[in-house]
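> Please work out how this folds:
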Amino acid sequence: MNTPKRPPKTAKPTRIAQPSETVETISSNQAGGVAEAAEAIEPGEAVETIEWSSVRPKTGKTSPPRDQLTPMMRQYFTIKGEHPNVLLFYRMGDFYELFLEDARFAAPILEVTLTSRGELGGEPIPMCGIPVHALKTYLYKALAAGQRVAICEQMEPPGGKGPVRREVVRVVTPGTVIDEDLLQPRTGNYLGCLAVIDLKGGRGRKEMALAAIELSTGDFEVTPLTSWDHAASQLSRLEPPEILIPEDFPLPTELLNWEKRMARHGHWAFDPGHSARVLREHFQVEILDGFGIGDLPACQAAAGVLLEYCRQTQQSDLAHVTGLTRTHPEEYLTLDETCRRNLEINVSLRDGKRKGSLLEALDDTATPMGSRLLAQWINLPLRRLDLIRGRQEATAWLFRRDDEREEMRERLKGIPDLERLTGRIALGRASPRDLGAVRGALERLPEIATRLAPPL
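So this is what the prediction gives:
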């Protein structure tokens, strides 16, 4: 699994205490959050049960009487009901709070103190929280544990009548990370999707496909699969930390090693007709033949599910995803998982890390973009002679020009990761520093392009 890069350690937050506990320090902003929490959950407040999949009802009723919930808690349960299978980071002042089963489950993962306040159904309400300024540190911990997180922000300043308006602004999952601090710069972070379609009139025949998207760069590909062994080899090439599969899909033996990374998704989303519409609308085309999948329903389903899933989690139209590449298995040498591991292509057999691998030995690239491209080439060896010769000619051109090559390397070392920078800009998550880095790169690129241009 491509483990996210660990941000700097941050001190654990001071939590809301019970009357018998000692509170160390509470900032003025945090105090506002505490006051809102206190207003929301009064000590002794009784609610029989709640309609939430992660909490087992203790009575015959399936939902709490709304008149027994404060306005803020009604808001909380409404938002949680819309995101039942993820950890909800619920913004309250300077903290993101987690309640009930989310808190009980997440506290050991996030390494924060589990406390409680008030009662629900006669039992204490578990809660824990993290400071807003340390969000990336705790996102890392949740993602490394394979969890998905819905980030719910306050959309207006406090002080008005009723609870502060809140909305989930994005859902962060292991396969949809775009934050620079949570990604390995020289390693792709792919989200995968497996689709299996029953062919009409096919007498039990099925069509299979694997789609993958690198959300931070917009790289988007789909591969028709010939067998489950082929699927396993493609997964070992991409190493996606998250793989979407239909909720009723029986996992074949060949893919059991990937079970922990599988995320069940609604079966309806895999309908080829629906997925084809999603793809056509996104790319603004009438037919999908130009992408090579016009007559491949499984490819349409896998790619469409990925696109729609990313749009929903990011609350964005994914403007940086501008193309879809169909991989043709016959054009590449297939390396199965065992071969890839024994040849130590990506990681060493000794400790499972990049150091000591073939990729580490060959990677002398000047930029993270070049490093990721080299990894793609090594993991997908060419079989077509014309493509092999094209790469050899480009390499030979640089090899014969020592001075120009070294000058080019020096110039490239100052180029930031434009693929991921443009991805963050398109998704509305770029910082002023990101924009400044793009400006600096654009000023230098024309000279680099001129150096690489063939002589007239």
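> Please name the nearest non-neighbouring residue to residue 194.
In this structure, residue 194 finds its nearest non-sequential neighbour in residue 245, 5.1 Å apart by Cβ to Cβ, 6 or more residues apart in numbering. The way it works is simple: take the backbone N, C-alpha and C, and place the C-beta from them, glycine included.
> where's the one you found relative to residue 126, distance?
Distance from residue 245 to residue 126, counting by Cβ to Cβ, to the nearest Å: 31 Å.
> what's the answer for residue 111, then?
16 Å.
> which of those two has more neighbours?
A count of neighbours by other Cβ atoms under 10 Å puts residue 126 above the other of residue 111 and residue 126, at 20 against 12.
> give me the beta-bridge partners of that one?
Beta-bridge pairing for residue 126 (DSSP bridges): residue 116.
> what's it in contact with, if anything?
By Cβ atoms under 8 Å, 6 or more residues apart in numbering, residue 126 lies in contact with 99, 100, 101, 103, 104, 107, 114, 115, 116.
> Find the residue ranges of the chain scoring beneath the pLDDT cut-off.
1-69, 201-203, 454-456 (pLDDT under 70).
> any idea which helix is longest in it?
The residue-count maximum for a helix in the chain (DSSP state H) belongs to helix 432-452.
> Who are the packing partners of it?
For helix 432-452, the packing partners by 3 or more Cβ pairs under 8 Å, 6 or more residues apart in numbering; DSSP states H and E come out as helix 402-413, helix 418-426.
> just checking, residue 278 touches residue 309?
No - counting by Cβ atoms under 8 Å, residue 278 sits too far from residue 309 to count as a contact (10.1 Å).
> More neighbours: the two, which one.
residue 309 (24 against 20).
> What is the three-state secondary structure of residue 192?
Taken by DSSP: H, G, I helix; E, B strand; the rest coil, the conformation at residue 192 corresponds to strand.
> show me the contacts for it.
Counting by Cβ under 8 Å, 6+ apart, residue 192 touches 175, 210, 211, 212, 235, 238, 240, 242, 243, 244, 306.
> Show me which pair in the residues you listed is furthest apart.
Within those, 235 and 306 form the most distant pair, 14.4 Å apart (Cβ to Cβ).
> Would you mind naming the helix or strand containing the residue nearest to the spatial centre of the chain?
The centroid of the chain falls nearest to residue 176 when counting by Cα atoms, centre = their mean (1.6 Å). For residue 176, there is no helix or strand it lies in under DSSP states H and E.
> residues of stretch 182-202 that come out buried?
182-183, 186-197 (16 or more other Cβ atoms under 10 Å).
> Check stretch 258-268 too.
Those would be 258, 261, 262, 263, 265, for stretch 258-268 by 16+ other Cβ under 10 Å.
> Am I right that residue 286 sits in a strand?
No - assigned with three-state DSSP, residue 286 falls outside any strand and is coil.
> Backbone dihedrals for the residue nearest to it when sequence neighbours are not counted, please?
Setting aside the residues directly before and after it, residue 286 is nearest to residue 280 in space (Cβ to Cβ, 6+ apart), at 6.9 Å. The phi/psi pair for residue 280 (degrees, to the nearest 10) reads phi -60, psi -40.
> burial count for residue 280?
As a burial measure, residue 280 scores 15 neighbours (other Cβ under 10 Å).
> for the one 3 residues further on, same thing?
Residue 283: 15 surrounding residues under other Cβ under 10 Å.
> Next, count neighbours for the residue nearest to it when sequence neighbours are not counted.
Among residues not flanking residue 283 along the chain, residue 324 sits closest, at 7.2 Å (Cβ to Cβ, 6+ apart). By other Cβ under 10 Å, 22 other residues sit near residue 324.
> What of residue 146?
So residue 146, with other Cβ under 10 Å, has 15 neighbours.
> The nearest residue to it once chain neighbours are set aside sits in which helix or strand?
In this structure, residue 146 finds its nearest non-sequential neighbour in residue 174, 6.1 Å apart by Cβ to Cβ, 6+ apart. Using DSSP H and E, residue 174 sits within no helix or strand.
> what are the phi and psi values for residue 174?
As for residue 174, its main-chain torsions (degrees, to the nearest 10) stand at phi -60, psi -30.
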